[in-house]
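In: for reference, the sequence and a predicted model appear below.
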Amino acid sequence: MNHCFDQAIPPRIGVEVEKWDLMGKNLDPSIVPLSVADMEFRSPPAIVQALEEMARSGLWGYAGWGDRYYNAIRSWVSRRYGWEVQREWIIRTTGVVHGINAAVRAFTQPGDGIVIQTPVYPPFYRAVRENGRTLLENPLKLVDGHYQMDFDDLEEKLSRSTTTAMILCSPHNPVGRVWTREELQRVGDLCLAHGIFMISDEIHCDLCQPDHPHTVYASLGEEYAQQCVIGMAASKTFSLAGLACGNMIVPDEENKAILAAEVARSGAYAQSSFGTLALEVGYEQCEPWLVDLLAYLRKNYQYLVDFMAQHFPQVWIAPLEGTYLAWIDFSSFGMDDSALANFLEHEAKLYLSHGINYGGKGFMRMNLACSRSVLQAALERLLDAAGKHDLI
Ligand SMILES: Cc1ncc(COP(=O)(O)O)c(C=O)c1O
């Protein structure tokens, strides 16, 4: 069933794709970058077919506001996460990052403290700083090879009188944790105790491995739901990142109105009609494809772990519970971050996301959403280059 993920994808050079463009002058059609979090897999066939029909129509007016879109989300989230969402709670945005920035402005004041759990997705830092709020880092702890939240430090930061919000990455990019219900409950209890508004980015929730089920923060209970906004999208799930569509789900009526007004003020009121249709078809028809994708990703991760254990036993890789992003500690290579990036990019021809940009010194993030042959070739290049540097 997994054969479609093995299919070669033509190089995406010259088509304005960020992940490929980031290779800059070193663009080489035989090198597939494993950086930015979108997939080197085609979208499910049902989505491709629906978008082909839309493309052929030549009619691409503003996306509408019909029931189909909302029902697709409601049914998906209910089926997969047992969370019952009302249509009125959903705010359509051009992406989750757009929604997070709007939520920061809507629910906090300039200068307020906002907590993020580092290392983390770089736009979280920007959402705080570029909106004139104060960044409070609650670093994750690595305990026995497992990332955990530091609840003592979290409580200290949330209890400050100037702290008003937290941005949660759930599941966590880049460390690959899927927070358990118990962990989320502890975070939620601290937020409730200290009057903290929760901005929960759950864009990777569909990419949890079956043994690590996702809990929607708002599903913890009514009180938690009243003080939060949940960011979700079909983009990571079905390879739609360039279609610029996301949803912010706000269960409390008043908070929904506040966020909707801020999103409207940002002027980005229209979603892409291609993205709208893709979400509908994805949520309605493509769950079996997702099941196969998760199995394929699990095997890619295992391939990476086995390869590294054989050739680079000193390199640590975080356990992957969710997302398709492997978080790898290269500090044993003994290079500083720029030397490491230089070595990987210019000698191993391996384009990964630089961990330092997430707050992870010595780390790199490897995108595993690619066919196995691409991953194998990438790791062989690493082995060759490391051999020349006596790193093995
Ligand atoms: C945690 C997280 N949130 C949001 C996004 C991007 O969301 P969007 O494209 O909907 O703005 C990403 C993309 O990598 C992500 O990892």
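Out: Done, it's in.
In: from here on, contacts and neighbour counts on C-alpha atoms
Out: Will do.
In: max-length helix in this structure?
Out: The longest helix of the chain (DSSP state H) is helix 287-311.
In: strands paired with the helix or strand following that one, and their directions?
Out: Where DSSP states H and E defines the elements, the next helix or strand beyond helix 287-311 is strand 316-317. In its sheet, strand 316-317 lies beside strand 325-329 (antiparallel), with partners assigned from DSSP bridges.
In: contact partners of the strand it pairs with?
Out: 37, 173-176, 301, 315-318, 320, 362-369 (CA atoms under 8 Å, 6 or more residues apart in numbering).
In: out of those residues, which sit inside strands?
Out: Counting by DSSP state E, the contacts of strand 325-329 place Trp316, Ile317, Phe363, Met364, Arg365, Met366, Asn367 in strands.
In: so which bits of this structure are right by the ligand?
Out: Residues of the chain lying close to the ligand by CA under 6 Å from any ligand atom are Ala37, Gly95, Val96, Val97, His98, Tyr121, Cys169, Asn173, Asp201, Ile203, Ala241, Gly246.
In: packing partners for the stretch of helix or strand the fifth one belongs to?
Out: The one in question is His98. Using DSSP H and E, His98 maps to helix 96-107. Using 3 or more CA pairs under 8 Å, 6 or more residues apart in numbering; DSSP states H and E, the elements in contact with helix 96-107 are helix 122-129, strand 197-201, strand 228-232, strand 246-249, helix 253-265.
In: Serialize the ones you listed to TSV and add fields for mean pLDDT.
Out: Shown next, in TSV, are these (pLDDT from 0 to 100):
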stretch	mean pLDDT
helix 122-129	98
strand 197-201	98
strand 228-232	98
strand 246-249	98
helix 253-265	97
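In: phi and psi next, for the closest residue to the ligand within the stretch 251-392 of the chain.
Out: Evaluated by CA to the nearest ligand atom, the stretch 251-392 of the chain has Thr323 as its residue closest to the ligand, separated by 8.6 Å. The phi/psi pair for Thr323 (degrees, to the nearest 10) reads phi 70, psi 170.
In: now it. Nearest residue, chain neighbours left out?
Out: Of all residues not flanking Thr323 in the chain, Leu207 sits nearest, at 5.0 Å (CA to CA, 6 or more residues apart in numbering).
In: now Asp384
Out: Ala348 (7.3 Å).
In: quick check: the one you found vs Leu59, distance?
Out: Noted for Ala348: a distance of 45 Å to Leu59, by CA to CA, to the nearest Å.
In: looking at those two, which has the bigger crowd around it?
Out: Of the pair Ala348 and Leu59, Ala348 is the one with more neighbours under other CA atoms under 10 Å, namely 19 against 8.
In: how many degrees apart are whichever strand or helix holds Gln376 and helix 287-311 in direction?
Out: Using DSSP H and E, Gln376 sits in helix 372-388. Inter-element angle recorded for helix 372-388 and helix 287-311: 20 degrees (by axes from the mean of the first three to the mean of the last three CA atoms, to 10 degrees).
In: in helix 372-388, what counts as buried?
Out: For helix 372-388, burial by neighbour count (16 or more other CA atoms under 10 Å) applies to Arg372, Val374, Leu375, Ala378, Leu379, Arg381, Leu382, Leu383, Ala385, Ala386.
In: can you check stretch 365-374 too?
Out: For stretch 365-374, the neighbour count (16+ other CA under 10 Å) marks Arg365, Met366, Asn367, Leu368, Ala369, Cys370, Ser371, Arg372, Val374 as buried.
In: all good on my end, thank you.
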